[in-house]
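S.K.: Compute the structure for the input listed below.
(chains A and B)
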Amino acid sequence: MAKDITPRDSDYARWYTDVVTRSTLADYSPVKGCMVIRPHGTALWENIQRGLDGMFKATGHENAYFPIFIPKSFLAREAEHVEGFAKECAIVTHTRLKAVEVDGRRTVVPDPESRLEEELIVRPTSETIIYSMFAKWIQSYRDLPILLNQWANVVRWEMRTRLFLRTTEFLWQEGHTAHATHEEAIEEARRMLEVYRTFAEEWLAIPVLTGTKTESEKFAGALTTYCIEALMQDGRALQAGTSHDLGQNFARAFDVKYQSAAGDWQHVWNTSWGVSTRLIGAVVMCHGDDDGLVLPPRVAPVQAVIVPIWRNESQREAVLAQGRALCERLVARGIATRLDERDNVNPGFKFADWELKGVPLRLELGPRDVEARQVVAASRLDRSKTKLGWDGLEEAVAAKLDEIQAGLFERARQRREQATRDVETWDEFLEAIEEGGFVRARFVPDPEVEAEIQQETRATVRLVPLDGADDPGPCIRTGRKASGRVVFARAY
RNA sequence: CGGGGCGUAGCGCAGCCUGGUAGCGCACUUGCUUCGGGAGCAAGGGGUCCCCGGUUCAAAUCCGGGCGCCCCGACCA
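M.R.: Numbering: from 1, shown residues only, chains lettered A, B, ... in the order given. Below is the predicted model of the structure:
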């Protein structure tokens, strides 16, 4: 059916790229590893932002903005943090260009005279610069907690990139908080993990597992990294969000201290948490099909599209007049609705076009429907068609959208259930990993053993379930006594 | 950084082996007929054939060098 989209089962990676580019979410940029987020993709990101931002505000956070440039020396202060990010930083060394001629061609080179004394790092994440500011702002326990978030771009010079999933520059939000006690910080990190879980499931209709990362997978500089992990249709896992208990690591590195009620000085306890435009990749891979994008109604830039159908000029007038009236009513009700008035393409083309772009609900309006005072509603979830009368159309459409939202989540949840297996032995493990999906196995986390397993199977521990410790037995790899199961998968 | 592929019209490609008028489909423009699942006919417009150099009467095509991008692995949200 869909033209120019590679079917999922013939080449999933190619399908993904086809869908992202053809649906006009994003395009490749002239700079390797970077992408242009086109209006459709930006509108989707804005809806994601709006949803999350509301949830951050509701949990007491405020937005702020910190600079993109970080003094090089800052990054060196927290040992593990340097280790984790040093390999992927972009560095600003000069502040000017100079026009020169090379082989008779006009070009520009960095002006050697503008070399920076202290080079600047383009932020790969903002812990260092934010906590350096916290040190200035915090004196007393009365200044705590500080609960901040910023919406920003960051740069990580990755070797291999993929639209939305891993690009050199990406958009995200990063929350940064400071607390008086460790208990409070842990509570915060877990609260935000729960915000992410809720957002992923209720807004993006993506079921996620929650848990903690093992030592080898956790954020560089954190005590504990909590994460939400989703499963894509090809059986690979995708880390969709992380929340870190940073302990006092950064507080010590940047000397962030407060005076307690008792009068003594203590380092604060920090958390940080983030989700990125990768969520868009998750939506594409979780819900998309061979016809293109399938967007959850709650974040879809266009929730319903009215496709008018006519045979002649007088029908065209009548259908369009009704289409405009219905569109206005739906918009007034808060449903993002578009009327496709294009007259250079026929209805069949429009159907396919809006399906490609993932619009959850299509409302067909032709002469027969005008006659019967109805529209034919076609669901992007399963192509099912329903006739909806003009009276009370707003409620009927809203109900349909809710139904699609719920249906998407349920379908994704079932896919995940079917792709989740418990295994007891190493052989079963190998077989299950080869099949794809989440593999739950008893395991004693150990960086060396994990590296071995990854080497041999390309699978990693995706998470240690928060409540999964009560299932003792032998570790699948070493036979050591494991307290419970962890979740393995091959991941993006 | 290793392995593979590709740079020719806005997009997707053929032509290259065997050098000689730069082509096809889609898109675009105009007109008419169409329109309930990606319309038809007719007429048009559009090119530093990635870059630099070499061979040749003649290079998209042959030779040398460069650059870029995509895909697959190792690193990562």
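S.K.: What number of residues are in the vicinity of the residue of the stretch 251-400 of chain A found nearest RNA strand B?
M.R.: Across the stretch 251-400 of chain A, the shortest distance to RNA strand B (C-beta to the nearest atom of the strand) belongs to residue A:366, at 2.2 Å. Any C-beta I mention is one placed from the backbone N, CA and C, and that applies to glycine too. Counted by other C-beta atoms under 10 Å, the residues lying close to residue A:366 total 17.
S.K.: Can you tell me, leaving aside adjacent residues, what's nearest to it?
M.R.: residue A:309 (3.5 Å; C-beta to C-beta, 6 or more residues apart in numbering).
S.K.: who in the stretch 251-400 of chain A is up against RNA strand B?
M.R.: A:274, A:276-278, A:291, A:309-312, A:316, A:343-349, A:351-353, A:355-356, A:362, A:364-369, A:376, A:378, A:383 (C-beta under 7 Å from any atom of the strand).
S.K.: Pull out the buried residues from the residues you listed.
M.R.: A:274, A:276-278, A:291, A:309-310, A:316, A:351-353, A:355-356, A:362, A:364-367, A:369, A:376, A:378 (16 or more other C-beta atoms under 10 Å).
S.K.: from those residues, which ones fall inside helices?
M.R.: Of these, the ones assigned to helices by DSSP state H are A:278, A:316, A:351, A:352, A:353, A:355, A:356, A:367, A:369.
S.K.: among the residues you listed, which two are most distant?
M.R.: Within those, A:278 and A:367 form the most distant pair, 45.4 Å apart (C-beta to C-beta).
S.K.: What separation is there between the residue nearest to residue A:231 when sequence neighbours are not counted and RNA strand B?
M.R.: Excluding its sequence neighbours, the residue lying closest to residue A:231 (C-beta to C-beta, 6+ apart) is residue A:416, at 4.7 Å. Going from residue A:416 to RNA strand B by C-beta to the nearest atom of the strand, to the nearest Å gives 18 Å.
S.K.: likewise residue A:210?
M.R.: As judged by C-beta to the nearest atom of the strand, residue A:210 and RNA strand B stand 14 Å apart.
S.K.: Phi, psi for that residue please.
M.R.: With angles defined as degrees, to the nearest 10, residue A:210 sits at phi -120, psi 150.
S.K.: what stretches of the stretch 1-150 of chain A score poorly on pLDDT?
M.R.: For the stretch 1-150 of chain A, the stretches with pLDDT under 70 are A:1-3, A:102-106.
S.K.: What are the boundaries of the helices in it?
M.R.: Applying DSSP state H, counting those that start in this stretch to the stretch 1-150 of chain A gives helices spanning A:12-22, A:39-58, A:72-75, A:79-85, A:127-137.
S.K.: ok so, going back, torsion angles phi and psi at the residue of the stretch 251-400 of chain A closest to RNA strand B?
M.R.: When read as degrees, to the nearest 10, the backbone of residue A:366 gives phi -120, psi -180.
S.K.: which residues in the stretch 101-250 of chain A form strands?
M.R.: A:105-110, A:115-122, A:146-155, A:169-179, A:209-212, A:224-231, A:237-247 (DSSP state E, counting those that start in this stretch).
S.K.: got the angle between the second one and strand A:169-179?
M.R.: Between strand A:115-122 and strand A:169-179, the angle formed by their directions is 80 degrees, by axes from the mean of the first three to the mean of the last three C-alpha atoms, to 10 degrees.
S.K.: and the helix of greatest length in chain A with strand A:224-231, angle?
M.R.: Secondary structure of chain A per DSSP H: the longest helix is helix A:393-418. Counting by the same axes, to 10 degrees, helix A:393-418 lies at 100 degrees to strand A:224-231.
S.K.: same for helix A:393-418, what does it pack against?
M.R.: helix A:278-287, helix A:313-332, strand A:361-365, strand A:374-379, strand A:385-389 (3 or more C-beta pairs under 8 Å, 6 or more residues apart in numbering; DSSP states H and E).
S.K.: Which residue does the stretch 1-150 of chain A have closest to RNA strand B?
M.R.: Closest point on the stretch 1-150 of chain A to RNA strand B, by C-beta to the nearest atom of the strand, is residue A:32, at 2.4 Å.
S.K.: burial of that residue, as a residue count?
M.R.: Residue A:32, neighbours per other C-beta under 10 Å, totals 8.
S.K.: From residue A:160, how far out is it?
M.R.: 11 Å (C-beta to C-beta, to the nearest Å).
S.K.: where does the closest residue to residue A:147 other than its chain neighbours fall, phi/psi-wise?
M.R.: Distance criterion C-beta to C-beta, 6+ apart; nearest residue to residue A:147, sequence neighbours excluded, is residue A:61 at 4.5 Å. As for residue A:61, its main-chain torsions (degrees, to the nearest 10) stand at phi -90, psi 150.
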